[in-house]
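In: here's my sequence, what's the structure:
(one chain, ligands or ions: 2)
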Amino acid sequence: MNNTKSFFIKSFGCQMNVYDSDKMKDIFISHGLSPTDDYQAADYIVLNTCHIREKATEKTYSDLGRVHKKGKTDHKIIVAGCVAQAEGDLIQLRAPYVDLVLGPQSLQLLDTYLSGPNPHLKTITEFDAIDKFDTLKRFKTNNHSKSSFVTIQEGCDKFCTFCVVPYTRGSEYSRSIPEIIEEIKKLIDQGVIEVTLLGQNVNAYHGPDETGKERGLSYLINKISELDSIKRIAYSTSHPNNMTDDLIELHGNNTKLMSCLHLPVQSGSNKILKLMNRKHTRELYFEIIEKLRKHKTNIALSSDFIVGFPGEDEKDFTDTIDLINQVGFMNSFSFKYSPRPGTPAADKKQLPLKVQEDRLKIMQTLLNQQEIDFNKKFLSKRVEVLISSSGKYKGQVKGKSEFNQSVAIPGNPNIIGNIVSVQITDISVHSLIGKAEI
Ligand code: 5AD
Ligand code: SF4
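Out: Ligands and ions are numbered 1, 2, ... in the order given. Model prediction:
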């Protein structure tokens, strides 16, 4: 063990990778290494990668090339995450200088790797979520934020025809309630007051309670609410088919649950939803939204959309635009369809790039406008903001509203960690500006 050694971790993609990166950080620190923001000086460089779209995957290889050329010569390069899982052999071919390839369900073995030279640990891509979480809980959390992610569920059994997740993260696994509560209590000891529960299919959660009885997400959220120190709870990301009535009702009767929901719909066309194997219709989506708004009138909704999926014609695209207009979102993510090797839709006839790009532009213009309209309603109003960090400019701090909007205010960093009442004075496309109400 050498106290002077350092590590650098870059996280790509989803929030679950951010969580995994934090866990790798805990392992490195337990081995006496310290974090650095300078990859060129780091002894260990970790790229925690994303495989969801081709662009994200290619970023891994371009970053690897840069790290290899410019970094120290005696450093170790580790590729973790979903590209590691999906393309372990290819990484060895395209970047033979990589020292370790570590799949997302095997990242706990970083501990073994750091414990001593082990030439056999080259590519580790076992699916062992139980071992992962069992091992990870041995490490002290090094969280210095008031808000934290907590992975409660991993993997997916839904097999949407565009998606690599069932192949890279494996089948659905839910952690037990006592284990999750134990992790949150440790976070509370570090000052955490807000948790975002994570899972690729978080509302499919079905973990055992202390008696072994299987429980759903609403039960878990209520259990977490009993912890006084936790002031806010959110969850991401959900599937419409798992939006059960008890979960919908919880939005109306659990005051710690944030007033927002990310519920990806992907398309507003029943034909495309079928081709995507989403196993739900646009009508079901509307029904869920209607019920949600009945229980929580002002709930802020966000979604994910894919444009230019194989088979999408003008009418299908118009159906999606119609769905967006009918629902009204606070913010959303939209992507051009990217064929992923090994997934069913990748073999289908692809749409011309120009069509995809034109449709994406139309969609993003509409979604941006909806976000501005949503934010505008807050002008001169008050929102509760959990101040979590320094802002972009000097003398500024920022945080999230209960609707998950970014809010910046002039303020002293000593208010970081508090929920403050903010009067909104200005808006930009993706954030709000205000001043603290005294
Ligand atoms: N192409 C484009 N977007 C995709 N997503 C998942 N797979 C693909 C793909 N092959 C999007 C979906 C999902 C989000 C995380 O990424 O919208 O909800
Ligand atoms: Fe991917 Fe989500 Fe579909 Fe699962 S439900 S296959 S994670 S898009």
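In: spatially nearest residue to residue 236, not counting backbone neighbours?
Out: Excluding its sequence neighbours, the residue lying closest to residue 236 (Cβ to Cβ, 6 or more residues apart in numbering) is residue 262, at 4.9 Å. (C-beta placed from N, C-alpha, C; glycine too.)
In: burial measure for that neighbour, as a count.
Out: By the measure other Cβ atoms under 10 Å, the count of residues near residue 262 is 21.
In: contact partners for it?
Out: 236-238, 301-304 (Cβ atoms under 8 Å, 6 or more residues apart in numbering).
In: just the buried ones from those residues, in ChimeraX syntax?
Out: Applying 16 or more other Cβ atoms under 10 Å to the contacts of residue 262, the buried members can be selected in ChimeraX as follows:
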select :236,237,238,301,302,303
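In: save the contacts of residue 262 as CSV, and put in pLDDT too.
Out: Converted to CSV, the contacts of residue 262 look like this (pLDDT from 0 to 100):
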residue, pLDDT
236, 97
237, 96
238, 97
301, 98
302, 97
303, 98
304, 98
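In: pLDDT below threshold where in the protein?
Out: Low-confidence segments of the chain (pLDDT under 70): 1-3, 118-121, 438.
In: quick revisit: partners of the residue nearest to residue 236 in the sheet?
Out: Beta bridges link residue 262 to residue 302 when assigned by DSSP bridges.
In: tell me how far it lies from residue 428.
Out: Computed with Cβ to Cβ, to the nearest Å, the distance linking residue 262 and residue 428 is 21 Å.
In: residue 11: how many residues sit nearby?
Out: 22.
In: residues contacting the residue in the stretch 51-200 of the chain that ligand 1 sits nearest to?
Out: Ligand 1 sits closest to residue 162 of the stretch 51-200 of the chain, with a gap of 4.1 Å, by Cβ to the nearest ligand atom. Shown in contact with residue 162 (Cβ under 8 Å, 6+ apart): 276, 306, 309, 337, 340, 343, 345.
In: in three-state terms, label it for me.
Out: coil (DSSP: H, G, I helix; E, B strand; the rest coil).
In: interface residues of the stretch 101-250 of the chain facing ligand 2?
Out: 156, 158-160, 163, 165-166, 200-201, 239 (Cβ under 6 Å from any ligand atom).
In: same thing but at 5 Å, please
Out: Applying Cβ under 5 Å from any ligand atom, one finds that the stretch 101-250 of the chain approaches ligand 2 through 156, 158, 160, 163, 165, 200, 239.
In: the last one contacts residue 160, correct?
Out: No. When contacts are counted by Cβ atoms under 8 Å, residue 239 is not listed as touching residue 160 (9.1 Å).
In: what are the phi and psi angles of residue 396?
Out: Main-chain torsions, residue 396, degrees, to the nearest 10: phi -120, psi 150.
In: ditto for residue 400
Out: Main-chain dihedrals, residue 400, degrees, to the nearest 10: phi -120, psi 140.
In: got the contact list for the spatially closest residue to it that is not a sequence neighbour?
Out: Closest residue to residue 400 apart from its sequence neighbours, by Cβ to Cβ, 6+ apart: residue 386 at 5.8 Å. Taking Cβ under 8 Å, 6+ apart as the criterion, residue 386 is in contact with 146-147, 193-194, 231-232, 399-400, 418-419.
In: gap between residue 386 and residue 378?
Out: In terms of Cβ to Cβ, residue 386 sits 16 Å off from residue 378.
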